[in-house]
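**Student:** Model the following, please.
(chains A and B)
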Amino acid sequence: SAVISQKPSRDICQRGTSLTIQCQVDSQVTMMFWYRQQPGQSLTLIATANQGSEATYESGFVIDKFPISRPNLTFSTLTVSNMSPEDSSIYLCSVDRGSEAFFGQGTRLTVV
Amino acid sequence: GDSVTQMEGPVTLSEEAFLTINCTYTATGYPSLFWYVQYPGEGLQLLLKATKADDKGSNKGFEATYRKETTSFHLEKGSVQVSDSAVYFCALMGGYNKLIFGAGTRLAVHP
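**Tutor:** Just a heads-up that it's a prediction; the model follows:
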């Protein structure tokens, strides 16, 4: 298994501001994944973060809006930039180990 | 591309009723398949998984069988409890270990 700590667990932010979400894993992993869950919706992959290289973004997501850092093999951050109410979602980080994915508790973001 | 189609909810059942939540997938090759559960106010938890055809995943009374011929992975439980009320997500692991989720099915179990 994997223990994933994500923070903040929730936040309420003003539109136009940015929020950085942190994800810490209890052991080294090659890939870390960031997902978004919009209200009442399923999870959508935002990007895959590999240590030492730029993140790979899925269609519909861009680096300017969701910059990601991956400074080492146990940590990553996702920034939601220039927020609007449409960014209100749960953001989750995930790692896979042994063909099984583990998730953090998520960050519930509300943009007002 | 790869995709997961899941029956729409909400599903409302009485306690001890039989549960089926349908899930079908489209994928190249034979991906691993998963059911995740999200209880109210909590994070996403793995419920069960199957990694190859005819495998049966099981946990907490829930079962799902990987059916290659029908590209399905339906979730079943013989007798649901109020505590099973949650949102259930079917998912497959595609290329580069990315998870592709179905839309989710909300289950409400009443006493």
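
**Student:** What parts of chain B come near chain A?
**Tutor:** Contact residues (C-beta under 8 Å from any C-beta of the partner chain) of chain B with chain A: B:32, B:34, B:42-46, B:49, B:51, B:89, B:93, B:96-104. No exception for glycine: its C-beta is placed from N, CA and C like everyone else's.

**Student:** mind redoing it with 10 Å?
**Tutor:** Residues of chain B lying close to chain A by C-beta under 10 Å from any C-beta of the partner chain are B:1, B:4, B:6, B:31-32, B:34, B:36, B:38, B:41-46, B:49, B:51, B:87, B:89-91, B:93-94, B:96-104, B:106.

**Student:** And what about residue 76, helix, strand or coil?
**Tutor:** By default, I'm working from chain A. The three-state assignment at residue A:76 reads strand, by DSSP: H, G, I helix; E, B strand; the rest coil.

**Student:** nope, chain B please
**Tutor:** Applying three-state DSSP to residue B:76 yields a three-state assignment of strand.

**Student:** Please name the residues that touch it.
**Tutor:** Contact analysis of residue B:76 by C-beta atoms under 10 Å, 6 or more residues apart in numbering or on different chains lists B:18, B:19, B:20, B:21, B:22, B:58, B:61, B:62, B:63, B:64, B:65.

**Student:** Provide a ChimeraX selection command restricted to the buried entries of these.
**Tutor:** Applied in ChimeraX, the following selects the buried portion of the contacts of residue B:76 according to 16 or more other C-beta atoms under 10 Å in any protein chain shown:
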select /B:19,21,22,62,63,64,65
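
**Student:** Spell out the residue ranges of the helices in chain A.
**Tutor:** In chain A, no segments count as helices under DSSP state H.

**Student:** worst-scoring helix or strand of chain A, pLDDT-wise?
**Tutor:** Taking mean pLDDT, DSSP states H and E as the measure, chain A has strand A:100-103 as its least confident helix or strand, at a mean of 87.

**Student:** Which neighbouring elements make contact with that strand?
**Tutor:** strand A:4-7, strand A:31-37, strand A:89-97, strand B:32-38, strand B:44-50, strand B:86-93 (3 or more C-beta pairs under 10 Å, 6 or more residues apart in numbering or on different chains; DSSP states H and E).

**Student:** Could I get these in CSV, plus columns for mean pLDDT, mean neighbour count and distance to residue B:13?
**Tutor:** Listed next are those as CSV, based on pLDDT from 0 to 100; neighbours: other C-beta atoms under 10 Å in any protein chain shown; distance: least, C-beta to C-beta, whole Å:
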stretch, mean pLDDT, mean neighbour count, distance to residue B:13
strand A:4-7, 93, 18, 32
strand A:31-37, 94, 23, 24
strand A:89-97, 92, 22, 26
strand B:32-38, 95, 24, 15
strand B:44-50, 93, 20, 17
strand B:86-93, 95, 24, 12
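
**Student:** Which one of those strands lies nearest to residue B:110?
**Tutor:** Distances from residue B:110 to each of the helices and strands packed on strand A:100-103 were compared using C-beta to C-beta; the minimum, 14.0 Å, belongs to strand B:86-93.

**Student:** Work out the gap between that closest one and the centre of the chain.
**Tutor:** Shown here is strand B:86-93, whose average C-alpha point lies 5 Å from the average C-alpha point of the whole chain (C-alpha atoms, centre = their mean, to the nearest Å).
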